[in-house]
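**Q** attaching a predicted model along with its sequence, questions to come.
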Amino acid sequence: MSREPGDNPRDMAHLAARLAADKKAIDPVLLEVGKVSVVADYFLIATGNSAAQVHTICDHLLDNMKEAGFSLLRIEGYREGWWVVLDYSALIIHLFQPEAREFYDLERLWSKAPVYRMQETRS
């Protein structure tokens with residue numbers, strides 16, 4: 001079954017957060033940016049300790065999101081593994097190495113958006 005990119009964004013975002021946690025992503029955070037912008041409904045921000053871990057988290061997300069019927073529109077930064085962006089239209093996933101996450105500080109840039117920590121996404 002194929003879903004439209006914006007189909008059920010809340011469920012898609014929570015699934016992605018759980019998938020990132022499956023591969024030991026550090027501090028996965030969901031920002032409900034749709035409350036403050038039209039860029040997307042949600043951002044998932046998570047960290048891997050190295051390019052290899054970022055790739056592992058990314059690969060797990062790609063495989064399982066596809067299996068769940070969510071269509072990837074675009075991927076950026078995979079080769080370097082410093083900051084990978086997966087665009088699912090309503091959900092944009094940002095996977096960082098620690099230094100990149102600290103430098104770009106998306107949580108601060110989008111501080112007006114409601115925040116959900118991983119333990120809050122388990123439902």
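**A** Structure received.

**Q** CA only for contacts and neighbour counts going forward, please
**A** Will do.

**Q** pLDDT below threshold where in this structure?
**A** Across the chain, the ranges flagged by pLDDT under 70 are 1-7, 118-123.

**Q** those strands in it, which residues are they?
**A** 26-31, 42-47, 74-76, 83-87, 91-96, 115-117 (DSSP state E).

**Q** quick one, what contacts the residue positioned nearest the centre of the chain?
**A** The centroid of the chain falls nearest to residue 93 when counting by Cα atoms, centre = their mean (2.5 Å). Taking Cα atoms under 8 Å, 6 or more residues apart in numbering, we find residue 93 in contact with 43-45, 84-87.

**Q** ditto for residue 26
**A** Contacts for residue 26 were tallied using Cα under 8 Å, 6+ apart; they are 46-49.

**Q** in TSV, list those along with distance to residue 112 and neighbour count.
**A** Listed next are the contacts of residue 26 as TSV, based on distance: Cα to Cα, whole Å; neighbours: other Cα atoms under 10 Å:
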residue	distance to residue 112	neighbour count
46	18	26
47	21	26
48	25	27
49	27	14
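
**Q** pick the one among the residues you listed closest to residue 101.
**A** Using Cα to Cα, residue 47 comes nearest to residue 101 of these, at 7.1 Å.

**Q** would you confirm that that closest one contacts residue 21?
**A** No: using Cα atoms under 8 Å, residue 47 makes no contact with residue 21, being 10.0 Å away.

**Q** identify the contacts common to those two.
**A** residue 28.

**Q** how near is residue 36 to residue 42?
**A** Distance check for residue 36 against residue 42: by Cα to Cα, to the nearest Å, it reads 10 Å.

**Q** more neighbours: the two, which one.
**A** The neighbour comparison of residue 36 against residue 42 (other Cα atoms under 10 Å) goes to residue 42, with 27 against 14.

**Q** how about the contacts made by the more buried one?
**A** By Cα under 8 Å, 6+ apart, residue 42 lies in contact with 9-10, 13, 30-34, 90-92.
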